[in-house]
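J.: Need a 3D model of the following:
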Amino acid sequence: MSHATPEHISSRDNPLLKELRKLAQEPGAYRKLGKVWLEGDHLCRAARQRGVRPAIAVFTESFWPQAQFEWTDAADRTLVVADALLAGVSGLESPAPMGFVMHLPMRPELVADAPTVVLDRLQDAGNVGSVLRSAAAFGFSQIVALKGTAALWAPKVLRAGMGAHFGLRLIEGVEAELLDGLEVPLVATSSHHGDWLHKAQLPHPCAWLLGHEGQGVSAALEARASHRIRIAQPGGEESLNVAAAAAICLHASAALSGL
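T.: Modelled structure (predicted):
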């Protein structure tokens, strides 16, 4: 295979760099542009391991001499950018020397019987990414993010997800009525009422409902649930962070199912 010659960018006003700045720094830019920016070799490797071929691979001038041995032909197009220019794109305190631009995946259809996690207006990008990571780890292959939830492909969510995005079916920006298409039981989390997780007979597969950091699962959504679950907290705290609660619940659900 012949290797395409990389393109070199040295101007801050390059149109592609302007686009990358938006993708890296604006949480919802990917929706407008139809593209996703993956910054750093960890996310790039995770994407490639899942068969994602990016449209563009971007490297700093100082990193390219060593990167070319591994990453040549990783993308349809390769760009080599002055170090300071790529650092200006980054939203990180310590900018990475490489990144991928991939096309935003088309929203998949809901799989009625898939183990699912439903996000109800979660606001914090770190929490959302952490939940996605736990879902992937414990075999919950489908994420349904209701309207009002943080953007799933936003840079901070991607970083917190640590590559989990590429192994999940991600359905975002939908109304609760979409859940009518699920054939698995809905299990609502609560900090105040319901069965204790460590004593509950959990259904599997199921769809876990995780709610807003302060308000929890909405009353309308909870009314759809066939099970309500709370986590024992002998230390006396009022509630757990939603990402921590998700990890506990999803692990328990997978373990009790024999997975």
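
J.: Now Glu172: which helix or strand?
T.: strand 169-174 (DSSP states H and E).

J.: Using PDB, list the CA coordinates for that strand.
T.: The C-alpha trace of strand 169-174 is given here as PDB (Å, rounded to 0.1, in the frame of the first residue of the first chain):
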ATOM      1  CA  ARG A 169     -25.300   1.800  20.900                       C
ATOM      2  CA  LEU A 170     -25.800   5.500  21.700                       C
ATOM      3  CA  ILE A 171     -29.200   7.000  21.200                       C
ATOM      4  CA  GLU A 172     -29.500  10.600  22.400                       C
ATOM      5  CA  GLY A 173     -31.800  13.600  22.400                       C
ATOM      6  CA  VAL A 174     -35.000  11.500  22.500                       C
END
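
J.: Parallel or antiparallel, which strands does that strand pair with?
T.: Looking at strand 169-174 with DSSP bridges, its partner strands are strand 142-146 (parallel).

J.: How far does whichever helix or strand comes after the partner strand sit from its chain's centre?
T.: Note on strand 142-146: by DSSP H and E, the next helix or strand toward the C-terminus is helix 155-161. Distance, stretch centre to chain centre, for helix 155-161: 6 Å (C-alpha atoms, centre = their mean, to the nearest Å).

J.: Look up phi and psi at the residue lying closest to Met102 once chain neighbours are set aside.
T.: Once flanking residues are discounted, Met102 sits nearest to Pro54: 4.4 Å by C-beta to C-beta, 6 or more residues apart in numbering. The way it works is simple: take the backbone N, C-alpha and C, and place the C-beta from them, glycine included. Per-residue torsions, Pro54: phi -70, psi 160 (degrees, to the nearest 10).

J.: what residues are up against Pro6?
T.: Phe59, Trp64, Gln68, Thr78, Leu79, Val80 (C-beta atoms under 8 Å, 6 or more residues apart in numbering).

J.: what number of residues lie near the residue nearest to Met102?
T.: 23 (other C-beta atoms under 10 Å).

J.: Name the residues of stretch 112-127 that come out as buried.
T.: By 16 or more other C-beta atoms under 10 Å, the buried positions in stretch 112-127 come out as Ala114, Pro115, Thr116, Val117, Val118, Leu119, Asp120, Arg121, Leu122, Asp124, Ala125, Asn127.

J.: okay, the residues you listed in a markdown table with secondary structure and pLDDT next?
T.: Shown next, in a markdown table, are those (DSSP: H, G, I helix; E, B strand; the rest coil; pLDDT from 0 to 100):
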| residue | secondary structure | pLDDT |
| --- | --- | --- |
| Ala114 | coil | 97 |
| Pro115 | coil | 97 |
| Thr116 | strand | 98 |
| Val117 | strand | 98 |
| Val118 | strand | 98 |
| Leu119 | strand | 98 |
| Asp120 | strand | 97 |
| Arg121 | coil | 97 |
| Leu122 | coil | 97 |
| Asp124 | coil | 97 |
| Ala125 | helix | 97 |
| Asn127 | helix | 97 |
